[in-house]
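>>> Predicted model, plus sequence, below.
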Amino acid sequence: MKISVVTPVYNMERYIRETIESVLAQRGDFDVEYTLVNDGSADSSEKIIIDIKEKLAKGEIKASCRSFELRYIHQQNQGMYAAINNGFAQATGDIFAWIGGDDLYYPDSALQKIADWFANNPESMWAKGICGFIDDTGAELRKGVFKSYYQDWLAKGIYGRESYFVEQESTFWRASLWKKVAPIPTTLRSAGDYWLGIQFAKHAPLDSVREYTTRFRIRPGQISSQNAKYRAEQEVIMPTRSIAAYKVRLFSIATNKLRILSPLWYVMFKCMFPTKTPFVEIR
């Protein structure tokens, strides 16, 4: 199985080497096609990437999986989603994923666990592992929890607004699913992952995998920290809210902000959503 990973890079000199090394360190019986798309960085990101690429070609650096191809693309600054589209337009793998230029895969076997999942579940079109969180220095903030997702709530844009997020960096999908919905609109600057989840959910459910796969870095100034811009784009992507969305918002307020006890949480969920099985997060 070949996994195509894309990393959009914009002024990531402080973090990009560690990100690349986390991909190189993935062990297992699978092939990796890793494409880094430099979106017009003005720092030394390009120099770092080329240095690693040259050392890999000379055998001074070795990957840990069956085979590893590192591709480098430079483009004029067009935005993150233009970079991601560009990378996937040239991808040839069976499974696709993108990881930010400051995020990390869990050591050693994260991609092997994903390869095993898709091999053992041929009907699965996209799947999500557990995402942990690190700070600017790489220290762990939170280990992350297992989350399950309802397909209709995904298609209605409920996750990431009325309920918890689909952490994109821990999400993987088959190439055939990407081809049904791509490309991500380049008018988006922040919420392309939100758009993509809605589009994917129109075709297939999101499967949750009980394996730690990714570490998301929380740092000052990152796009994902600009909540107002992200919310504004969500309003453009999904301007009309469903009745289900308002019910989920009410439920979230009651359970998260009012801290309703778990027995009442279960009863409330069954009353508000009688056709659904209550989800549980494993902490």
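All right, it came through fine.

>>> can you tell me which residues contact Gly28?
Under the criterion of Cβ atoms under 8 Å, 6 or more residues apart in numbering, the neighbours of Gly28 are Ser64, Cys65, Arg66, Ser109, Leu111, Gln112, Ala115. Placement of C-beta: from N, CA and C, glycine included.

>>> give me the low-pLDDT residue ranges for this structure?
Counting by pLDDT under 70, the ranges of the chain that qualify are 222-226, 257-262, 280-283.

>>> let's see 50
282-283 (pLDDT under 50).

>>> Now do the SS call for Ile114.
Remark: Ile114 carries the secondary structure label helix [criterion: DSSP: H, G, I helix; E, B strand; the rest coil].

>>> Quick check: the gap between the nearest residue to it once chain neighbours are set aside and Leu111.
In space, Ile114 comes closest to Phe172 once its chain neighbours are excluded; the distance is 5.1 Å by Cβ to Cβ, 6 or more residues apart in numbering. If you measure Phe172 against Leu111 using Cβ to Cβ, to the nearest Å, the figure is 9 Å.

>>> Report the set of residues contacting both of these two.
With contacts taken as Cβ under 8 Å, 6+ apart, the residues that reach both Phe172 and Leu111 are Ile3, Thr213.

>>> hang on, Ala42 packs against Met12?
No: in this structure, Ala42 is not within contact of Met12 by Cβ atoms under 8 Å, at 11.3 Å.

>>> Which one of the two is surrounded by more residues?
Neighbour totals were compared for Ala42 and Met12, and Met12 leads with 24 against 10 (other Cβ atoms under 10 Å).

>>> So what touches stretch 169-177?
Residues outside stretch 169-177 that contact it (Cβ under 8 Å, 6+ apart) are 3-4, 91, 93-100, 103, 114, 118, 124-131, 197, 200, 203-204, 206, 213-214, 216.

>>> Which positions in that stretch come out as buried?
Glu169, Ser170, Thr171, Phe172, Trp173, Arg174, Ala175, Leu177 (16 or more other Cβ atoms under 10 Å).

>>> what's Ala25 in contact with, if anything?
Ala25 makes contact with Ser64, Tyr105, Pro107, Asp108, according to Cβ under 8 Å, 6+ apart.
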